[in-house]
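Enquirer: quick one, structure for this:
(one chain, ligands or ions: 2)
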Amino acid sequence: MHKLQLKILDPRLGDSIPLPEYATPGSAGLDLRACINEPMVIQPGETVLIPTGMAIYIEDPSLAAVILPRSGLGHKHGIVLGNLVGLIDSDYQGQLMVSCWNRGQDAFTLNIGERLAQLVLVPVIQAQFEMVEEFTATERGAGGFGHSGRH
Ligand SMILES: O=c1ccn([C@H]2C[C@H](O)[C@@H](COP(=O)(O)OP(=O)(O)OP(=O)(O)O)O2)c(=O)[nH]1
Ligand SMILES: [Mg+2]
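Expert: Ligands and ions are numbered 1, 2, ... in the order given. All right, here's what the predicted structure looks like:
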């Protein structure tokens, strides 16, 4: 398994608040927990930045991490991400933060240590532009945005 450098910034993490872990052997995501000092009510339409109490240093530019919503919170409670998806660069060393958006109709109480989003490590390919005047023709060409119809 890949090794990932992790720095604990909030001493409760790994103690009263569990460290992120894969819930099952096949899990893709590590659940991130809210390192907040008291339960927080997030009003409908409100977005708050939640600390996770930890930093990671991915180091390898051919990797990144994405922060994704948890499906249960998103679907049932409207708790998703203010940035829709969080992208963690391989050279970022600051605290992982979760932008938490209540897009639902009801206030949501986020509890201390609650799992509010998930972190997924992903491969990245960095590209260098190669300037051309023309592309080799394809069947699609510039057609897009429903060009091929609906059914
Ligand atoms: O949900 C997120 C998204 C980003 N980040 C951190 C890690 C990431 O590497 C850095 C910058 O994110 P991004 O490039 O998406 O934001 P930006 O608005 O372009 O900021 P910057 O100018 O710092 O790149 O912020 C988080 O902690 N949580
Ligand atoms: Mg950026």
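Enquirer: switch to C-alpha atoms for all contacts and neighbour counts from now on
Expert: OK.
Enquirer: so which residues of the protein form helices?
Expert: Remark: helices assigned in the chain by DSSP state H are 71-77.
Enquirer: scan it for its longest strand.
Expert: For the chain, the longest strand by residue count, based on DSSP state E, is strand 47-57.
Enquirer: what strands line up against that one, and which way round?
Expert: Strand 47-57 has its sheet partners listed here by DSSP bridges as strand 5-8 (antiparallel), strand 95-102 (antiparallel).
Enquirer: wait, does the first one contact ligand 1?
Expert: This points to strand 5-8. No: against ligand 1, strand 5-8 shows no contacts by C-alpha under 6 Å from any ligand atom, the least distance being 13.6 Å.
Enquirer: residues making contact with that strand?
Expert: 53-58 (C-alpha atoms under 8 Å, 6 or more residues apart in numbering).
Enquirer: looking at those residues, which is nearest G74?
Expert: Using C-alpha to C-alpha, G53 is the member of these that lies nearest G74, at 22.1 Å.
Enquirer: check contacts around the residue in the chain positioned nearest to ligand 1.
Expert: Minimum separation of the chain from ligand 1 (C-alpha to the nearest ligand atom) falls at G86, amounting to 3.4 Å. Contacts for G86 (C-alpha under 8 Å, 6+ apart) come out as 66-68, 98.
Enquirer: can you report how many residues neighbour G113?
Expert: Using other C-alpha atoms under 10 Å, G113 has 22 neighbouring residues.
Enquirer: which residues does the residue of the chain closest to ligand 1 form beta bridges with?
Expert: I67.
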